[in-house]
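Chemist: requesting a structural model of the entry that follows:
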Amino acid sequence: MTQMKASISEVMETMFFYPVELKEELGLEESGLFQAENKVIIAAIDFSGPLNGRIFLMIPEDVLGLMAENLMGLETEKISTALVTGTAQEALNMIAGNAFSKTPFDVPVDLGVPEIITALPDKGLDQILMVETMDGMMALGCDI
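Modeler: Below you'll find the predicted structure:
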């Protein structure tokens with residue numbers, strides 16, 4: 001999770017021009033991320049190697065729209081649903097790739113293809129990191 005913390009800040013600020021602040025004391029329930037008025041997009045990516053598991057990125061659709069605008073350099077009216085969901089998948093891919101490139105493992109970590117899912121695992125997540133943006137909360141979770 002240490003590499004994930006550094007990675008999410010680097011990727012969000014460098015690739016999306018989107019400053020973030022980690023809220024380590026905040027849990028998923030207290031964050032308000034999944035309130036009724038938020039449509040949250042969940043992207044997931046599997047990884048294998050020295051560790052096996054899945055990483056989840058949860059972002060409100062309106063925040064993703066702004067991220068897509070920044071990444072693609074397009075105006076709001078030109079951002080399609082496919083670009084919004086693709087932005088979630090690409091953000092997760094960049095965050096995970098960046099984080100795993102900084103691990104001390106002797107064996108490389110293989111990343112799967114990011115996908116959009118409809119729900120988190122029933123058993124919950126092993127680790128969760130809340131991230132505050134200027135437009136709302138997002139979360140990064142890991143299930144190992």
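Chemist: tell me the contacts of Glu75?
Modeler: For Glu75, the contacting residues are Glu69, by CB atoms under 8 Å, 6 or more residues apart in numbering. To be clear about C-beta, it is placed using only N, CA and C from the backbone, and glycine gets the same treatment.
Chemist: for it, give its distance to Phe17.
Modeler: With the distance defined as CB to CB, to the nearest Å, Glu75 ends up 15 Å from Phe17.
Chemist: what's the spatially most distant residue from the centre of the chain sitting at in phi/psi?
Modeler: Of all residues in the chain, Asp106 has its C-alpha farthest from the mean position, at 25.5 Å, by CA atoms, centre = their mean. Note on Asp106: its backbone torsions stand at phi -80, psi -30 [degrees, to the nearest 10].
Chemist: for it, which non-adjacent residue is closest in space?
Modeler: With CB to CB, 6 or more residues apart in numbering as the criterion, Asp106 has its nearest non-adjacent residue at 7.9 Å, and that residue is Pro50.
Chemist: what's the answer for Met134, then?
Modeler: Setting aside the residues directly before and after it, Met134 is nearest to Pro19 in space (CB to CB, 6+ apart), at 6.7 Å.
Chemist: count the neighbours of that neighbour for me.
Modeler: 11 (other CB atoms under 10 Å).
Chemist: and it, what does it touch?
Modeler: When contacts are counted by CB under 8 Å, 6+ apart, Pro19 touches 12-13, 133-134.
Chemist: just the buried members of the residues you listed?
Modeler: Neighbour counting by 16 or more other CB atoms under 10 Å classes 12, 133 among those as buried.
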